[in-house]
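[1] return a 3D structure for these sequence lines:
(chains A and B)
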2 protein chains.
Amino acid sequence: MAIRIGIYGYGNLGRGVELALQQNPDMSTVGVFTRRDPATLQTLTGAPVYAAAEVEHMAKDIDVLILCGGSSTDLPKQTPALASLCNVVDSFDTHANIPAHVKNVDAAAKTAQKTAIVSVGWDPGMFSLARAYASAVLPDGKDYTFWGKGVSQGHSDAIRRIDGVADAKQYTIPVESALQAVRNGENPELTTRQKHVRECFVVAKDGADKEKIEKQIKEMPNYFADYDTTVHFISQEELNTNHSGLPHGGVVIRSGATGKNGEHKHVIEYGLKLDSNAEFTASVLVAYARAAYRLNKEGAYGCKTVLDVPPIYLLKENREELIASLV
Amino acid sequence: MAIRIGIYGYGNLGRGVELALQQNPDMSTVGVFTRRDPATLQTLTGAPVYAAAEVEHMAKDIDVLILCGGSSTDLPKQTPALASLCNVVDSFDTHANIPAHVKNVDAAAKTAQKTAIVSVGWDPGMFSLARAYASAVLPDGKDYTFWGKGVSQGHSDAIRRIDGVADAKQYTIPVESALQAVRNGENPELTTRQKHVRECFVVAKDGADKEKIEKQIKEMPNYFADYDTTVHFISQEELNTNHSGLPHGGVVIRSGATGKNGEHKHVIEYGLKLDSNAEFTASVLVAYARAAYRLNKEGAYGCKTVLDVPPIYLLKENREELIASLV
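    Residues are numbered from 1 along each chain as shown, chains lettered A, B, ... in the order given. Next comes the predicted model:
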């Protein structure tokens, strides 16, 4: 019998999950749960739509609920609440708050004998795994995470909130010389500015003061002030034509040494080039939903992270096949 | 209390394990077990040396025995035999025989309530993990493994066995255009010849027929006949100066697609650049020895592979720290 998956939230990520489920024949889609009026929502594959509150009554028909809300306000509340109804998977990505999130979700899930896997995606997620394995096998080393080239949605939103801005896209780009130094095993000490640059494509409203907008962007604390930032003013048409996608990616590199006097250098690099940030994240969530289902069947209750899950739980094939084909 | 590690076999790999243990303060070295006369062996760090047969009497003082023998004749016999005495980790790397090896070791380990982790290293090992995670998160895709640039010891040995050859080193090198096509997500179909070339540095004995040696190398079935092979004759001095190391590495790349009609492409790449093949393999073995110890404490008996082990078991820090620092 297929693993029955519910999708909670229907933005870019929820739509990505709906599509990813089509690629996983061992799973079936129960439906989409939304806080909007279900009648207003048309799904991509015809998945049924229910009001968010319905999840409570339908919990017994859902093996795993994939949470597709945002990390700032949705997930900190939703994940613990829903983990007391269903097995859940989320992509909570506020790094500093992950330990507290795990703790909150763990309490709820354990009480309800449910399994939750949180902070699943690419960073946190696949990049967390890359850091973990690399640290384990090269204990004397240093790791670096570079993001991009890709669109940062938080930074794009921040520009859009500036007075006089009609639309904007922001790209995060690794500094090539820094990347090369790390790849060469030089173990450089890098400041925020030395690791990434930020490139902004901005559509100004008619009559807006472009100089003022550029200054406001470049001086924005946390978002841009610590980076070398370039601002290009372009037309809405050009933005739509050349900057409509949400590509992203990045690399995790660890370099380390072994030998009697550290004379042998080793470099481990894990990289992603993604045309669609949301769809890739969705694909990772779906694989971890399979793991959540299996862990729960085995009585492994509570909140897990990618570090806790044996890789074999992510794959639909049986163990003998996987050992023969992948090991 | 430190995890007490025994080292079974003392070639390049055994020496690598001895050194790797120095980088892992939660582990202690019980000693080296050898089939040679222990009196003739001087260890790199002063680890005590015992006759191989002693392992039977010392099993109770060993938490995990790391097996450092070869895959062709040693490990198929040693791993099942020793798994009935100790928790063990090995680097069995004959891909086609891994399923049978797992089965043999599993029976022995389960009977003795021991935990074995086999086929640990970089390929199989870290590359197996790269293939597994990438397949799980991009089910509609195709993966490629490229090896090199690096020294293949089996191929170097095969050249050395040719009449008239005094010494030799063979490098396996990925074909750059193939690598680029894969990185671009083109999903090419590649023959053996299209993926790798082989470059050989050969020291001929005085008066040997170089033309004949070159022909014998290039036509050697399985080893060279299916590849574009280049042979350079050099002096022993040049070989010693420029080709004394055992570097290796490679990449696992999976490209796949998501979206309603596969319109979004994604490329995942995991790469290794290793100055010392043996020392890196040793480092991976040591991390999995930690996992074998912990799994055994939890009653997870039998034979595992890297696919079965949660990444967190490889790291010495506690779970809360790891979630905060790595996820």
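[2] how about the strands in the stretch 201-327 of chain A?
    Applying DSSP state E, counting those that start in this stretch to the stretch 201-327 of chain A gives strands spanning A:228-233, A:248-258, A:264-274, A:302-304.
[3] what would these look like in JSON lines with mean pLDDT?
    Converted to JSON lines, the strands of the stretch 201-327 of chain A look like this (pLDDT from 0 to 100):
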{"stretch": "strand A:228-233", "mean pLDDT": "98"}
{"stretch": "strand A:248-258", "mean pLDDT": "97"}
{"stretch": "strand A:264-274", "mean pLDDT": "97"}
{"stretch": "strand A:302-304", "mean pLDDT": "98"}
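[4] ok, which of those strands comes nearest B:Lys218?
    B:Lys218 lies closest, by C-beta to C-beta, to one member of the strands of the stretch 201-327 of chain A: strand A:264-274, at 31.8 Å. Bear in mind the C-beta positions are built from the backbone N, C-alpha and C, glycine included.
[5] is chain B within reach of that closest one?
    Yes: Strand A:264-274 lies within reach of chain B by C-beta under 8 Å from any C-beta of the partner chain, at A:His264, A:Lys265, A:His266, A:Val267, A:Ile268, A:Glu269, A:Tyr270, A:Gly271, A:Leu272, A:Lys273, A:Leu274.
[6] distance of A:Val251 from A:Gln42?
    A:Val251 is 38 Å from A:Gln42, where distance means C-beta to C-beta, to the nearest Å.
[7] which of the two has more neighbours?
    A:Val251 (22 against 7; other C-beta atoms under 10 Å in any protein chain shown).
[8] quick one, what contacts the nearest residue to that one once chain neighbours are set aside?
    Excluding the flanking residues, the one nearest A:Val251 by C-beta to C-beta, 6 or more residues apart in numbering or on different chains is A:Gly271, at 4.1 Å. Residues in contact with A:Gly271, defined by C-beta atoms under 8 Å, 6 or more residues apart in numbering or on different chains, are A:Gly249, A:Gly250, A:Val251, A:Val252, B:Val267, B:Ile268, B:Glu269, B:Tyr270, B:Gly271.
[9] make sure A:Thr145 is actually in contact with A:Arg254.
    No: with contact defined as C-beta atoms under 8 Å, A:Thr145 does not count as touching A:Arg254 (9.8 Å).
[10] common neighbours of the two, please.
    The contact sets of A:Thr145 and A:Arg254 overlap at A:Arg131 (C-beta under 8 Å, 6+ apart).
[11] neighbour count winner among those two?
    Legend: neighbour count by other C-beta under 10 Å for A:Thr145 and A:Arg254, higher for A:Arg254 (23 against 17).
[12] list buried residues within the residues of strand A:264-274 next to chain B.
    For those, a burial check counting by 16 or more other C-beta atoms under 10 Å in any protein chain shown picks out A:His264, A:Lys265, A:His266, A:Val267, A:Ile268, A:Glu269, A:Tyr270, A:Gly271, A:Leu272, A:Lys273, A:Leu274.
[13] quick one: residues contacting the fourth one.
    By C-beta under 8 Å, 6+ apart, A:Val267 lies in contact with A:Arg183, A:Gly185, A:Ile253, A:Arg254, A:Ser255, B:Gly271, B:Leu272, B:Lys273.
[14] if you skip the residues just before and after it, what's nearest to the fifth one?
    Same thing as A:Ser255. Nearest residue to A:Ser255, sequence neighbours excluded (C-beta to C-beta, 6+ apart): A:Gly185, at 4.1 Å.
[15] how about the closest residue to chain B within the stretch 51-200 of chain A, nearest residue that isn't a chain neighbour?
    Shortest the stretch 51-200 of chain A-to-chain B distance, computed as C-beta to the nearest C-beta: residue-wise this is A:Ala136, at 3.7 Å. Sequence neighbours aside, B:Leu314 is the residue nearest to A:Ala136 in space, at 3.7 Å (criterion: C-beta to C-beta, 6+ apart).
[16] residues contacting that neighbour?
    Counting by C-beta under 8 Å, 6+ apart, B:Leu314 makes contact with A:Ala132, A:Tyr133, A:Ala136, A:Val137, B:Ala287, B:Tyr288, B:Arg290, B:Ala291.
[17] could you rerun that using 7 Å?
    By C-beta atoms under 7 Å, 6 or more residues apart in numbering or on different chains, the contact set of B:Leu314 is A:Ala136, B:Ala287, B:Tyr288, B:Arg290, B:Ala291.
[18] could I get the CA-only coordinates of the longest helix belonging to chain A as PDB?
    Looking across chain A with DSSP state H, the single longest helix is helix A:277-297. This file holds the C-alpha atoms of helix A:277-297, laid out as PDB (Å, rounded to 0.1, in the frame of the first residue of the first chain):
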ATOM      1  CA  ASN A 277      15.100  26.000  -5.100                       C
ATOM      2  CA  ALA A 278      11.500  25.200  -4.000                       C
ATOM      3  CA  GLU A 279      11.200  22.000  -6.100                       C
ATOM      4  CA  PHE A 280      14.500  20.600  -5.000                       C
ATOM      5  CA  THR A 281      13.600  21.300  -1.300                       C
ATOM      6  CA  ALA A 282      10.300  19.600  -2.000                       C
ATOM      7  CA  SER A 283      12.000  16.600  -3.400                       C
ATOM      8  CA  VAL A 284      14.200  16.200  -0.300                       C
ATOM      9  CA  LEU A 285      11.100  16.600   1.900                       C
ATOM     10  CA  VAL A 286       9.400  13.800   0.100                       C
ATOM     11  CA  ALA A 287      12.300  11.400   0.500                       C
ATOM     12  CA  TYR A 288      12.400  12.200   4.300                       C
ATOM     13  CA  ALA A 289       8.600  11.700   4.500                       C
ATOM     14  CA  ARG A 290       9.300   8.000   3.500                       C
ATOM     15  CA  ALA A 291      11.900   7.800   6.300                       C
ATOM     16  CA  ALA A 292       9.500   9.400   8.800                       C
ATOM     17  CA  TYR A 293       6.900   6.700   7.900                       C
ATOM     18  CA  ARG A 294       9.300   3.900   8.300                       C
ATOM     19  CA  LEU A 295      10.800   5.200  11.600                       C
ATOM     20  CA  ASN A 296       7.400   5.500  13.000                       C
ATOM     21  CA  LYS A 297       6.500   2.000  12.100                       C
END
